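Chemist: Sharing a model that was predicted from the sequence below.
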Amino acid sequence: MRNLRKFTVAAAGTALVLGATACGPQGTTNGSPQQPAAQTAAPAADGSGGTDAYGNGNGNGAGTGTGTGKGTGKGSAATGTASGPLAVRDDAELGPLVADAEGFTLYRFDKDTADPSSSACVGDCAKTWPPVPASATEPGGVDAARTGSVKRADGTEQLTIAGWPVYRFAKDTAPGQTNGQGVGGTWFAVTPDGGKAGVKEGAKEGAKEEAGLLPALSLTDDAKLGKIIRDGKGRTLYRFTKDTAWPMKSRCEGACLEKWRPAKLVDLNDVEGIDPKKLIPYTRSDGTKQLTIDCWPLYWFTGDKTPGDTNGQGVGGTWFAVTANGKLAK
C-alpha cells in the first residue's frame, strides 16, 4: 500500500527544518542556508580500468548502435517513413505495437535513452533504421501525451513515444512485417506506451517500469544486492561515500555531476516500502534541491541504461546502491 502521509518533500517549510535539525546544519548566514563550496576529487586508483571515483573513464555504459543489414528493393523502409497518423496494430505474436501511416512497424533501440530522450543510432545505423520524423507524424492511435520529439545530431526532429526515439527497419519491405524484432538483442517493436512489444507475462515488473507505473520511490529486489531503492523511472539510486550526513553535504560537484545526477524530490504520498520521515531535502551549492535518505544525498547513474541496471554499484569503491534504511547495499 502506498504511504498516505499528507505532506510532500517539495513542501519545504517543515521538511527543511527537519533537514537542519536531524541531519546537521549546512551552515547559515543571515538566516539563509550556507551552501558547501564546490569540490573536486582526485581520481582514485580502483583497478577498474581507468575509472575514477566519480565513474569517469571507461565503463560509463554509453553505446552507439550500428544495426545490421541494409535495406534493398523498392519501397523498403530505408527510403524514409510515411507521414500521417500513427496506428496501433495487434500483432498475433507480439501483441499491441505501433505502426506508421503506411502500416510499417516502428521500433525502439535499447542503447537509446528516454530520460532525457537521446538517440544512439547514427551513421550507417540510421540507414538501416531510419528515424521517424516528428514533423511529418501525427499521434493517431497513440495517446498524444506520450508522443514527443528529440533533436538529432543532424538537426532533424525525431518522433519519440514515452521519450523513446522510434525508427523503421530497412528489412521490413511490406506493411505488417516485424523483421526488426529482437535484432542484436537491442531492437524491439514499440508499444503504444513506449514499451517493448512481446513482453512475457513473467516480466510484469519490467512492463510496469516501461509504462511509467512505478511509485515515485520504491524498492526492487535485486538478485545480488537484495532490496534496493529505485525512483519512479525504475532507476537504481546510489550513495557516494565521500558525502557526509553530519553535516549533510554533497561532494559530487563539477565533472562528477556528468555521471551522477542528483535525485529529485518526490511526493511522499507516492512512496512505497520506505519510511517517508527519512526523506529530507538537501539544498545544493547551486540552489537546487536534492533528495536524501537518512541525511545521505541520493543520485542516479547515467551509466544505467535500462530500468533495474546497477552498473554504478562499487564504482571507484565509493558509489553504492542504497537499502530502505539508507544503508549501503553490498
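Modeler: Received it, and whenever you're ready, just let me know what you need.
Chemist: What ranges does this protein have for its helices?
Modeler: Secondary structure of the chain (DSSP state H): helices at 12-22, 124-128, 204-211, 256-259.
Chemist: Dump the second one to PDB, keeping only the CA atoms.
Modeler: This file holds the C-alpha atoms of helix 124-128, laid out as PDB (Å, rounded to 0.1, in the frame of the first residue of the first chain):
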ATOM      1  CA  ASP A 124      25.100   3.600 -41.000                       C
ATOM      2  CA  CYS A 125      22.800   2.600 -38.200                       C
ATOM      3  CA  ALA A 126      20.400   5.300 -39.200                       C
ATOM      4  CA  LYS A 127      20.400   4.000 -42.800                       C
ATOM      5  CA  THR A 128      19.300   0.600 -41.600                       C
END
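Chemist: Check which helices and strands that helix sits against.
Modeler: Taking 3 or more CB pairs under 8 Å, 6 or more residues apart in numbering; DSSP states H and E as contact, there are no helices or strands that helix 124-128 lies on. C-beta: built from backbone N, CA, C; applies to glycine.
Chemist: could you give me the average pLDDT of it?
Modeler: Here helix 124-128 scores 95 as its mean pLDDT.
Chemist: list the buried ones in that helix?
Modeler: By neighbour count with 16 or more other CB atoms under 10 Å, helix 124-128 contains the buried residues C125, A126, T128.
Chemist: Tell me the one of the residues you listed nearest D231?
Modeler: Nearest to D231 out of the buried residues of helix 124-128 is C125 (CB to CB; 29.4 Å).
Chemist: what separates K289 from E253, distance-wise?
Modeler: Applying CB to CB, to the nearest Å, the value for K289 to E253 is 15 Å.
Chemist: same thing with L106?
Modeler: On the measure of CB to CB, L106 and E253 end up 40 Å apart.
Chemist: ok, these two, which is more surrounded?
Modeler: Counted by other CB atoms under 10 Å, L106 and E253 do not tie: L106 has more neighbours, with 27 against 17.
Chemist: Would you confirm that the more buried one contacts W164?
Modeler: No - with contact defined as CB atoms under 8 Å, L106 does not count as touching W164 (10.0 Å).
Chemist: joint contacts of those two?
Modeler: Overlap of the contact sets of L106 and W164 (by CB atoms under 8 Å, 6 or more residues apart in numbering) consists of V190.
Chemist: for the closest residue to S135 other than its chain neighbours, what are its contacts?
Modeler: Excluding its sequence neighbours, the residue lying closest to S135 (CB to CB, 6 or more residues apart in numbering) is E157, at 5.7 Å. By CB under 8 Å, 6+ apart, the contact set of E157 is P133, A134, S135, S149, V150, K151.
Chemist: Kindly recompute the last result at 10 Å.
Modeler: P131, P133, A134, S135, A136, T137, G148, S149, V150, K151 (CB atoms under 10 Å, 6 or more residues apart in numbering).
Chemist: And the residues you listed, which is closest to T173?
Modeler: Nearest to T173 among the contacts of E157 is P131, at 18.4 Å by CB to CB.
Chemist: Burial check on the spatially closest residue to the closest one that is not a sequence neighbour, number of neighbours?
Modeler: Excluding its sequence neighbours, the residue lying closest to P131 (CB to CB, 6+ apart) is Q158, at 4.3 Å. For Q158, the neighbour count with other CB under 10 Å is 26.
Chemist: before we move on, the earlier item: partners of the residue nearest to S135 in the sheet?
Modeler: Assessed by DSSP bridges, E157 has beta-bridge partners K151.
Chemist: Do I have it right that K242 meets C256?
Modeler: Yes - taking contacts as CB atoms under 10 Å, K242 lies within contact range of C256: 9.2 Å.
Chemist: who has more neighbours, these two?
Modeler: When K242 and C256 are compared for neighbours, C256 comes out ahead with 22 against 18, by other CB under 10 Å.
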